[in-house]
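Trainee: how would this look folded up:
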Amino acid sequence: MAMIYLNSCASLKSYERSKIELKLLDEYIIAKDAKFNAEPIGGLSGIDYRDGYFYWVVDVPSNPRIYKTTIEFDAEKIKQINFIEAIKINTDNTDLWFDLESVLAHPNQPGFLVSSEGSIKNKKQSGIYQIDEQGKIQKTYSLPDYIDVNKGNQAHHNGVWESLCFTPDQSQFLAALELPASRWGQKPKLYDTPALVSVLRYDLADKNYQKEYFYPLERIRTWPLKPFAINGLTAMLAFDESRYIMLERAYSAGRGNKANRAILFEYKFTDLNPDQNLKQLNREAKTHKKLILDLKKIRKSLASKRLDNLEGMCFGPTLPNGNPTLLLVADNNFNSFDEQINQVLWFEIKKH
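Mentor: Residues are numbered from 1 along each chain as shown. Just a heads-up that it's a prediction; the model follows:
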């Protein structure tokens, strides 16, 4: 067991370093007792930035909503987050289960794209939807049969559509699972095993997906002290025409403030042959990954001295020196499982 643990910790060194370099600017914690419209603020599992506003999706199926906010930045600090509006998802006349995980502000019209994990164990369909600014569904995007709860679903409960991002020209978007469907491997283990998540590419104007890509997840690197550990893809962003920033978030139970681990990778999506051996497919996919940052390296620099459940990611405002910025957001799960925080991390992108 010790050998497996030590080997897994060392494996990041095998990755080529990305030219994308990040500098931590600030950490901001939304107060534990913060409320908006008399409702607790939490479950912030996705974020997007457009025209000066930040949009956050809340993953509580009993009251699915999107928050519209502004963020006040002062030099290299986050001064304040101002909650302006809560856009309720209209669930009238539908039996859909909106466990929302990602949000994109539509580039051409008012409204949003959102992804939902549904509830696999309750036979509630996961999905990708276009909604208007009143929260009403305008379009439902198609899914592969193997993700359909009515057609032999192979997705894991609470491991379905976790992240959305636009392509650079914003005429298309990508949608990714958090965990592998069973045909593409297993949930990540402490040892290396194929764990490929499906990433679908859609045209905004067409409900049917155009192409399927694969992204290889890392093994779990922190040995759990209780019998639960997981690693999944929780967010992605198009950096340029060929490079995407991918956020992998792992959790190892029993580790206290060190239970969460997050790693940022650069990835290039390419056509891979899905008919080849899974191990070979996994190895080939990993050749397109480059390491940006293992966030455990910044943990001690944070006022909280911890990384929480980082699930959202978006670009932020450009700095006076011309450098872009990046924000990461943690979902506190409304403290359902443990004592957690609504954490926001702000980075300067120094080299790219």
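Trainee: how about low-confidence regions in the stretch 101-250 of the chain?
Mentor: Applying pLDDT under 70 to the stretch 101-250 of the chain flags no residue at all.
Trainee: need the strands for it, in chain order.
Mentor: For the stretch 101-250 of the chain, the strands defined by DSSP state E, counting those that start in this stretch cover 112-116, 127-131, 137-140, 161-166, 172-177, 196-203, 209-216, 229-238, 244-252.
Trainee: wait, which of those is closest to Thr270?
Mentor: Counting by CB to CB, Thr270 lies closest to strand 209-216 out of the strands of the stretch 101-250 of the chain; the figure is 7.6 Å. No exception for glycine: its C-beta is placed from N, CA and C like everyone else's.
Trainee: quick one on the thing from earlier: tabulate the strands of the stretch 101-250 of the chain (CSV), appending distance to Pro324.
Mentor: CSV is the format used below for the strands of the stretch 101-250 of the chain (distance: least, CB to CB, whole Å):
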stretch, distance to Pro324
strand 112-116, 22
strand 127-131, 27
strand 137-140, 30
strand 161-166, 15
strand 172-177, 20
strand 196-203, 23
strand 209-216, 23
strand 229-238, 11
strand 244-252, 11
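Trainee: Ok, which of those comes nearest Glu348?
Mentor: Among these, if distance is taken as CB to CB, the winner is strand 244-252, at 14.1 Å.
Trainee: Show me what the closest one is packed up against.
Mentor: strand 229-238, strand 260-267, strand 310-315 (3 or more CB pairs under 8 Å, 6 or more residues apart in numbering; DSSP states H and E).
Trainee: Paired strands for it, with orientation please.
Mentor: According to DSSP bridges, strand 244-252 forms sheet pairs with strand 229-238 (antiparallel), strand 260-267 (antiparallel).
Trainee: Tell me, how many residues neighbour Thr91?
Mentor: Neighbours of Thr91 under the rule other CB atoms under 10 Å: 17.
Trainee: That one contacts Leu100, doesn't it?
Mentor: No. Using CB atoms under 8 Å, Thr91 is not in contact with Leu100, being 11.3 Å away.
Trainee: so what's in contact with those two at the same time?
Mentor: Pro64 (CB atoms under 8 Å, 6 or more residues apart in numbering).
Trainee: can you pull out the helices in this protein?
Mentor: 2-10, 278-286 (DSSP state H).
Trainee: Would you mind pulling the contact partners of the last one?
Mentor: This points to helix 278-286. So helix 278-286 is in contact with Trp184, Gly185, Pro194, Ala195, Leu196, Phe214, Tyr215, Pro216, Leu272, Asn273, Pro274, Gln276, going by CB under 8 Å, 6+ apart.
Trainee: Most neighbours of all these, which one?
Mentor: Neighbour counts for these (other CB under 10 Å) peak at Tyr215, which has 27 neighbours.
Trainee: re the thing from before, select, out of the helices and strands packed on strand 244-252, the one closest to Asp51.
Mentor: Comparison of these against Asp51 by CB to CB identifies strand 310-315 as nearest, at 12.9 Å.
Trainee: Let me know how buried Asp33 is, in neighbour terms.
Mentor: Neighbour tally, Asp33, other CB under 10 Å: 7.
Trainee: Next, find the distance separating it from Ile298.
Mentor: 27 Å (CB to CB, to the nearest Å).
Trainee: per-residue confidence for the residue nearest to Tyr49 when sequence neighbours are not counted?
Mentor: Distances taken as CB to CB, 6 or more residues apart in numbering put Cys314 closest to Tyr49, at 4.7 Å, once the chain neighbours are dropped. Looking at Cys314, its pLDDT reads 98.
Trainee: Report the beta-bridge partner residues of Cys314.
Mentor: Beta-bridge partners, per DSSP bridges, of Cys314: Leu327.
Trainee: That one: how many residues sit nearby?
Mentor: 23.
Trainee: so what's it up against?
Mentor: Each residue near Cys314 by CB under 8 Å, 6+ apart is listed here: Ile47, Asp48, Tyr49, Phe54, Leu237, Leu326, Leu327.
Trainee: tell me the two of these that are most distant?
Mentor: Taking CB to CB, no two of the contacts of Cys314 sit farther apart than Phe54 and Leu237, at 14.3 Å.
Trainee: residues in contact with Met24?
Mentor: No, residue 24 isn't Met; it's Leu. So Leu24 contacts Ile298, Ser301, Leu302, Leu345, Trp346, Phe347 (CB under 8 Å, 6+ apart).
Trainee: likewise Ala105?
Mentor: Residues near Ala105 by CB under 8 Å, 6+ apart: Asp48, Arg50, Asp51, Tyr53, Tyr55, Phe112.
Trainee: Can you tell me how far the closest residue to the fourth one other than its chain neighbours is from Gln134?
Mentor: Leaving aside its chain neighbours, Tyr53 sits nearest to Lys68 (5.6 Å; criterion: CB to CB, 6+ apart). According to CB to CB, Lys68 stands 13 Å off from Gln134.
Trainee: and stretch 245-253, C-alpha only, in CSV?
Mentor: The C-alpha coordinates for stretch 245-253 follow below in CSV (Å, rounded to 0.1, in the frame of the first residue of the first chain):
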residue,chain,number,x,y,z
ILE,A,245,-7.7,24.6,-18.7
MET,A,246,-9.0,21.6,-16.9
LEU,A,247,-9.8,21.5,-13.1
GLU,A,248,-9.6,18.1,-11.4
ARG,A,249,-10.8,18.0,-7.8
ALA,A,250,-10.2,15.0,-5.5
TYR,A,251,-11.4,14.3,-2.0
SER,A,252,-10.0,11.8,0.5
ALA,A,253,-12.1,11.3,3.6
